[in-house]
Each structure stands twice: as structure tokens, then as C-alpha cells.
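Enquirer: Below is the sequence, then the predicted model.
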Amino acid sequence: PGGPSQQQQAQAQQQQQQQQREQQAQQHAHQQAQQRAAAAQEPLTLSALANASPQVQKNMIGERLYPLIHHSQPELAGKITGMLLEMDNSELLHLLESPDALRMKVSEALEVLKQHQAQINAQVNPGGD
């Protein structure tokens with residue numbers, strides 16, 4: 001009679017199991033975040049790309065391009081990365097390996113954005129200033 005009932009023991013056990021599951025889920029999420037961060041640092045291997053679908057390949061390349069572009073163009077990094085991801089994957093891999101080629105492509109993208117903005121301004125304000 002003085003001890004906990006079977007029901008109380010079962011509840012305590014369920015609570016413990018729930019806590020363990022939550023801890024495992026947190027650890028798993030943390031590991032995934034670490035893996036993603038590590039993946040962004042590692043050079044892309046052809047085997048890693050070959051095993052991925054085309055959309056995942058674009059994501060893998062984009063995750064590596066973005067920080068490189070953000071370094072020189074923090075305001076427009078997302079837009080420029082998106083523009084460059086329209087290119088063929090083999091060209092994108094070349095950009096990851098060649099800082100000069102990447103700089104040139106970023107300059108081209110900035111020029112396209114400037115022209116686009118000028119067109120918008122001309123439509124909004126026809127006839128100029």
C-alpha cells in the first residue's frame with residue numbers, strides 16, 4: 001500500500017520516454033544544422049552531386065555560392081544567387097572554383113539589375129527628370 005500505483009509508475013515511465021524522445025529530436029536537429037554548416041564549407045564533390053536530383057544539386061551549389069556573393073554584395077546576394085542559379089550546373093561549379101569568374105558573373109548580374117531598375121524608373125517616370 002504505501003508505494004506508487006501501477007498507473008502512476010506507467011505515467012512516470014511515459015514521461016521519461018517522452019523526455020528522451022524530445023532530447024533525441026533536439027540532438028538530431030542540432031546534428032543536421034552542424035552537417036549543413038559543414039557541408040557549406042566542404043568543396044562540392046562530383047559524387048555528392050551525382051547522387052542528388054537536379055533540384056537538390058541547385059540547392060547544394062546555391063548554398064555555397066550565396067556566402068561568396070554575400071561577401072561582396074550583402075544587399076543583393078539572394079537575388080544575384082538566384083540569377084546565377086539559372087545557369088548550367090557545370091558553369092556554376094566553375095564559378096565556385098574560380099573567384100575571378102564569379103566576380104565577373106556578379107558584375108554582369110549587377111549590370112542586368114541596374115538596367116532593369118532603369119527600365120522600371122523610365123516606365124514610372126516617362127520623359128525623364
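Expert: Looks like it arrived, so ask away. Numbering: from 1, shown residues only.

Enquirer: Contacts only, for residue 106.
Expert: 69, 72, 73, 80, 84 (CB atoms under 8 Å, 6 or more residues apart in numbering). From N, CA and C alone the C-beta is placed, and that goes for glycine too.

Enquirer: Take those residues and lay them out in TSV including neighbour count.
Expert: Formatted as TSV, the contacts of residue 106 follow (neighbours: other CB atoms under 10 Å):
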residue	neighbour count
69	24
72	14
73	18
80	23
84	21
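
Enquirer: can you redo those residues as TSV with distance to residue 21 and pLDDT?
Expert: TSV is the format used below for the contacts of residue 106 (distance: CB to CB, whole Å; pLDDT from 0 to 100):
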residue	distance to residue 21	pLDDT
69	40	95
72	44	94
73	43	94
80	42	97
84	42	97
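
Enquirer: which residues of the chain fall in strands?
Expert: Taking DSSP state E as the criterion, the chain carries no strands.

Enquirer: Helices along that one, start to end?
Expert: Remark: helices assigned in the chain by DSSP state H are 6-41, 46-50, 54-72, 77-84, 89-97, 99-124.

Enquirer: before we move on, the earlier item: and the two most separated of the contacts of residue 106?
Expert: Within the contacts of residue 106, two members stand farthest from each other by CB to CB: 72 and 84, at 13.0 Å.
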